[in-house]
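[1] got a sequence here, can you build the structure:
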Amino acid sequence: MTHTSSRRGVRLAALSVLLFAGCSGDGPNQYPVAGTIRIGNQPVRGGFVTIEPDDGGASGGLQGIAPIENGRFDTELGGKRAVSGPVVLRIDGWGEPNARFANGVPLCNRYEIRLELQPTANELDLVIPESARIHEPKGGWGNLP
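    Residues are numbered from 1 along each chain as shown. Model prediction:
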């Protein structure tokens, strides 16, 4: 192998590392976000927490997401890390499943919490007020589609 071809191999290896790192979806300015979530005193059984920057576009619009499972959410468990700074958390949550709602009865829909995330791992304790709870409509949920 010549000196030129070994340099070319090093460049290709470096390029591969850069490309692979760019595909991870979590950049150097994105941090883990985890914690507990409840509505009133009841843990939110399932759903999603979407974490959107609230910085006027300075972060490039990178969005984080974390699934909710049994009252806990974590971007490291099937989600995507979030940027630090001011953010809006949008929460879609559900409770226990029943015959009508296999994933769980709706508890809240796009409930918003504004806060500031630190440039490190963030552990949060989120409480959604009872006033945000979705209640079954007077005439029931209606027919399934």
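
[2] which parts of the protein are strands?
    30-31, 33-39, 42-43, 46-53, 64-69, 72-74, 82-83, 85-94, 106-117, 122-128 (DSSP state E).

[3] for residue 134, find the nearest of those.
    strand 106-117 (4.7 Å; CB to CB). Quick note: C-beta positions are derived from backbone N, CA and C, even for glycine.

[4] which residues touch that closest one?
    Contact partners of strand 106-117, identified using CB atoms under 8 Å, 6 or more residues apart in numbering, comprise 31, 33, 39, 42, 44, 47, 51, 54, 82-95, 124, 126, 128, 132-134.

[5] partner strands of it, with direction?
    strand 85-94 (antiparallel) (DSSP bridges).

[6] hmm, who's touching the partner strand?
    Contacts of strand 85-94 (CB under 8 Å, 6+ apart): 37, 39, 44-55, 58-59, 64, 68, 101, 103-117, 126, 128.

[7] now the buried members of those residues.
    37, 39, 44-47, 49-53, 59, 64, 68, 104, 106-108, 111, 113, 117, 126, 128 (16 or more other CB atoms under 10 Å).

[8] for residue 139, find the nearest of the strands of the chain.
    So among the strands of the chain, strand 106-117 is nearest, using CB to CB, at 15.9 Å.

[9] how far is that closest one from where the chain is centred?
    The chain centre lies 11 Å from the centre of strand 106-117; the measure is CA atoms, centre = their mean, to the nearest Å.
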